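[1] Output the structure for:
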Amino acid sequence: MKQRARPVGINHIALEVGDIAEAMAFYKGFLDFEIAWQSSDAAFVYFGDQFINFMTPRRQGPDEGRHFGIAVDDKQAAIARLEDMGVELLPGRFTDFLDPWGNRVELTTYTNIQFTKADHVLKGMGLGHLEKTEGAVAELAAKGMAPEG
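    Here you go, the predicted structure:
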């Protein structure tokens, strides 16, 4: 039997929206990023070594349980900007909201979760100062993946 491939991570997601320019304005309202490439029906936004491919048109209804998470350096700043934009957070223990096209987004703080970017990627993003919390390090250590140092 042939060997199966082992997943390494998620390179990107493709997110359907109704309008590319409006989507870039919406997401730039609470996130600080550069648009790598944009046309009238697609845009690529990099978060270091990963990206979101925004594309039109949106063909499905609003998401309920299905969602994706964005790890940020300052979740409270993102929440404050979302509130200023009139975006309502969904009830529950997580920081979820729907974008204008019904995509469910969860915000999380990079330092509190297991997901880890390589030090050189963080430095390249201007985020080399971020350090994992003790809880995140303990979760990684339980899997034999704790950062050294």
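
[2] how about Phe51, secondary structure?
    Secondary structure, DSSP: H, G, I helix; E, B strand; the rest coil: Phe51 is strand.

[3] Neighbours of it, how many?
    Around Phe51 there are 18 other residues, counting by other C-beta atoms under 10 Å. Just so you know, the C-beta spots here come from the backbone N, C-alpha and C atoms, and that holds for glycine as well.

[4] cool, and the one 4 residues further on?
    Burial measure for Met55: 17 neighbouring residues, criterion other C-beta under 10 Å.

[5] and it, what does it touch?
    14-17, 20, 41-43 (C-beta atoms under 8 Å, 6 or more residues apart in numbering).

[6] Could you export the residues you listed to JSON lines, including columns for pLDDT, neighbour count and secondary structure?
    Below are the contacts of Met55 laid out as JSON lines (pLDDT from 0 to 100; neighbours: other C-beta atoms under 10 Å; DSSP: H, G, I helix; E, B strand; the rest coil):
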{"residue": "Ala14", "pLDDT": "96", "neighbour count": "10", "secondary structure": "strand"}
{"residue": "Leu15", "pLDDT": "97", "neighbour count": "19", "secondary structure": "strand"}
{"residue": "Glu16", "pLDDT": "97", "neighbour count": "16", "secondary structure": "strand"}
{"residue": "Val17", "pLDDT": "97", "neighbour count": "23", "secondary structure": "coil"}
{"residue": "Ile20", "pLDDT": "98", "neighbour count": "18", "secondary structure": "helix"}
{"residue": "Asp41", "pLDDT": "97", "neighbour count": "11", "secondary structure": "coil"}
{"residue": "Ala42", "pLDDT": "98", "neighbour count": "14", "secondary structure": "strand"}
{"residue": "Ala43", "pLDDT": "98", "neighbour count": "23", "secondary structure": "strand"}
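
[7] Let me know the closest of those to Val137.
    Ranked by distance to Val137 (C-beta to C-beta), the contacts of Met55 are led by Leu15 at 30.8 Å.
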